[in-house]
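K.L.:
Fold the following for me, if possible:
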Amino acid sequence: MSDFIKSVVQEVMKPYQKPKVNPIMAKPPQAKKTEQPPMNEMKSKQAIPGISRPNYQRAKMDKRLSVAAAAPPSHQRTHMSKQVKPQQHSNVSTNRAKGYSKEPLAQLQTISLIQGKKPAGSNESFSSQQQRSARESKLIGQTADGIKAWLFNDLHSSLENNFQRSLKSNSIGVITSEKCTAGQLFFLNDLLREYPSMKYCLTWDKESRQSFVLELYEDNEQALLEAVKVFYKKVSQRTYQTIHVYKANSPSPWLTKQLDIQASVSGAAVIEGFDYYTGVLLADRYLKRNPAITAGFSFEKNYLLIYGEYDSVSKISEDLKKEAERIK
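P.N.:
Down below sits the predicted model:
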């Protein structure tokens, strides 16, 4: 009996005979590696005839892996559906056949064509504004010594009486100067020859007791503008010389009338830059040295007029200019 009790006590005390380990410093017990049989064998062992136990987690993982492998790169994706549609390729081919393209280039071309359309009336309004601004009256130029030039277009009806003659053209050019000079007549003579259809009205005084005013009338606005600019450039041109010579070969009846030349002549010239008695002095010296000349002389307050045969008039005017520059 005692032996039996002793054996029972030994069996009960066996768990408490294991060595104790520090729970902080101790390493966790390593689980013994057990060899697992292959998955196929496990499935075969776990399979029970007549009972189906599907692995839902396994099926979902396989589905995600198949979708990720079939998905295109992110930079080529425009629209991605949550589920893979087997008929996607056939739908794209059908859309292309119908003309519906979803490519970015096609969208850009469509937007460009739509944005590029402009109202037809915009260009017309711009051209009409440009035409109205071109018809405005304007100042061509002015100098410090009082020479000015204007171009008036489509003058208001209430202002037509402010010019020297009744207006019969839509454009009027005006050149004014505080002084009257003989050279202005020669410039106008050349201008009327270049533009024979141009009409004019002139206010000019050989003694310069009033201002010079020239009005030009022409239906051709461009021709009138060119004529005003040419005349203004000539009358406003300044040089370092104080004595000037102006010549005309075969002067027009208009010019000979303005200069009070009574005879029919082939040439006329004026020398500006000295007074009346200086002109008499120059002519006296020249006639005494050249008694055979046949040219005529006319003495005015601000210039000397020479007229006759053109070659002779041209030579005399150049000789007298040099003489005037020596005694000036």
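K.L.:
so where do the helices sit in this structure?
P.N.:
Using DSSP state H, the helices of the chain run over 2-13, 39-46, 56-70, 88-98, 104-115, 121-134, 182-194, 221-236, 253-258, 276-289, 310-327.
K.L.:
Which segments of this protein make up each domain?
P.N.:
The chain breaks down into these domains under automatic domain parsing: 135-238, 239-328.
K.L.:
closest to Q57 out of those domains?
P.N.:
domain 135-238 (87.4 Å; CB to CB). The C-beta positions use only the backbone N, C-alpha and C, and glycine is treated the same way.
K.L.:
okay, how far is it across that closest one, tip to tip?
P.N.:
Taking CA to CA, to the nearest Å, domain 135-238 runs 31 Å from one end to the other.
K.L.:
and what of stretch 143-163?
P.N.:
First-to-last distance for stretch 143-163 - CA to CA - comes to 22 Å.
K.L.:
Give me the average confidence score over that stretch.
P.N.:
Per-region confidence: stretch 143-163 scores 89 on mean pLDDT.
K.L.:
now this protein, which segments are flagged as low pLDDT?
P.N.:
1-2, 4, 8-54, 56, 65-134, 167, 239 (pLDDT under 70).
K.L.:
run the last query once more with 90
P.N.:
Within the chain, the stretches with pLDDT under 90 are 1-136, 144-145, 153-171, 197, 206-208, 218-219, 237-242, 293-294, 327-328.
K.L.:
ok now do K179, which residues does it touch?
P.N.:
D145, G146, S208, S211, F212 (CB atoms under 8 Å, 6 or more residues apart in numbering).
K.L.:
could you check the distance from R326 over to D319?
P.N.:
11 Å (CB to CB, to the nearest Å).
K.L.:
sorry, back to before: among the contacts of K179, which lie within strands?
P.N.:
F212 (DSSP state E).
K.L.:
Of all pairs in the contacts of K179, which one is the farthest apart?
P.N.:
Every pair in those was compared (CB to CB); the two farthest apart turn out to be D145 and S208, at 13.0 Å.
K.L.:
the more surrounded of those two?
P.N.:
S208 (16 against 10; other CB atoms under 10 Å).
K.L.:
what sits against that one?
P.N.:
Here S208 is in contact with K179, C180, T181, K301, N302 (CB under 8 Å, 6+ apart).
K.L.:
I'd like the distance between the first one and Y240.
P.N.:
Note on K179: its distance to Y240, by CB to CB, is 19 Å.
K.L.:
Kindly report the same for the fourth one.
P.N.:
Using CB to CB, one gets 24 Å for the distance from K301 to Y240.
K.L.:
burial count for S250?
P.N.:
Neighbour tally, S250, other CB under 10 Å: 11.
K.L.:
Distance check, it against K168.
P.N.:
30 Å.
K.L.:
Any buried residues in stretch 258-278, and which?
P.N.:
Using 16 or more other CB atoms under 10 Å as the test for burial, stretch 258-278 gives 258-259, 261, 265, 267-274, 278.
K.L.:
typo on my end, it should be stretch 143-151
P.N.:
So stretch 143-151, judged by 16+ other CB under 10 Å, has buried residues I147, K148, A149, W150, L151.
K.L.:
So what sits opposite K138 in the bridge?
P.N.:
L151 (DSSP bridges).
K.L.:
brain fart, L202
P.N.:
L214.
K.L.:
That one touches N189, doesn't it?
P.N.:
No. In this structure L202 lies outside contact range of N189 using CB atoms under 8 Å: 11.2 Å.
K.L.:
Of those two, which one has the most company?
P.N.:
N189 (19 against 15).
K.L.:
for that one, what are its contacts?
P.N.:
N189 neighbours (CB under 8 Å, 6+ apart): A248, P251, S252, W254, L255.
K.L.:
List only buried entries from those.
P.N.:
Buried, going by 16+ other CB under 10 Å: A248, P251, L255, out of the contacts of N189.
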